[in-house]
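S.K.: I would like the atomic coordinates for the input below:
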Amino acid sequence: YDGHSDLHVGITNSKGVVYNYDQEGVHRAASGWEQCISIPLVQPDMLELLQQWDELLEEFSLEEAWLPHRYEEQQHNCYTFALAFVNRVRQGRGRGPLSKAQFTERFLLPHTREASRYLTLHQELAHSDFYIVPLPEEEQE
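M.R.: Alright, predicted model coming up:
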């Protein structure tokens, strides 16, 4: 990622299938997201929600709001899809909705900043005369 283009956003089910929305509607992708930033939305102790997650996501993805003709690049896009699903889950748990700004600040920015720092360091090292090797297992502990 070069930092100059929009990122594509999706939500995974418990099996790692990414549900994402674009001008062709909702897609379910089992591959093609290997270079993504994964942002955990559910705490491990929320077992009840984890058990319902796949069903909630599938039902949500089938709603009319996510039909191809409703896609609008700036106002009704992949980010809208992800945020609307998060807010649906929050509503079901008795919590208020997050605005785009709140969702971005709480969930996306911390992880994208960390990834950006890592990518910058990686690019600098790749263009220098450095060679990176993993530590032997006994030194990792």
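
S.K.: The helix or strand harbouring R117 - what's its average pLDDT?
M.R.: Using DSSP states H and E, the element containing R117 is helix 109-126. The pLDDT scores in helix 109-126 average 83.

S.K.: Stretch 131-141 now?
M.R.: 72.

S.K.: List of residues touching that stretch?
M.R.: Contacts to stretch 131-141, defined as C-beta atoms under 8 Å, 6 or more residues apart in numbering, come from residues L125. Bear in mind the C-beta positions are built from the backbone N, C-alpha and C, glycine included.

S.K.: And the helices in this protein?
M.R.: 47-61, 78-92, 100-103, 109-126, 137-140 (DSSP state H).

S.K.: closest one to V26 among the ones you listed?
M.R.: Closest approach to V26 among those is made by helix 47-61 (4.5 Å; C-beta to C-beta).

S.K.: list the helices and strands that closest one packs on?
M.R.: strand 18-22, helix 78-92 (3 or more C-beta pairs under 8 Å, 6 or more residues apart in numbering; DSSP states H and E).

S.K.: if we can go back for a sec, what separates the helix holding R117 from the chain centre, distance-wise?
M.R.: Its chain's C-alpha centre and that of helix 109-126 lie 17 Å apart, by C-alpha atoms, centre = their mean, to the nearest Å.

S.K.: and if you look at stretch 71-82?
M.R.: Here stretch 71-82 shows a centroid-to-chain-centroid distance of 14 Å under the convention C-alpha atoms, centre = their mean.

S.K.: Would you indicate which residues of that stretch are buried?
M.R.: Within stretch 71-82, the residues that count as buried by 16 or more other C-beta atoms under 10 Å are 71, 77-82.

S.K.: pLDDT below threshold where in this protein?
M.R.: For the chain, the stretches flagged by pLDDT under 70 are 1-5, 139-141.
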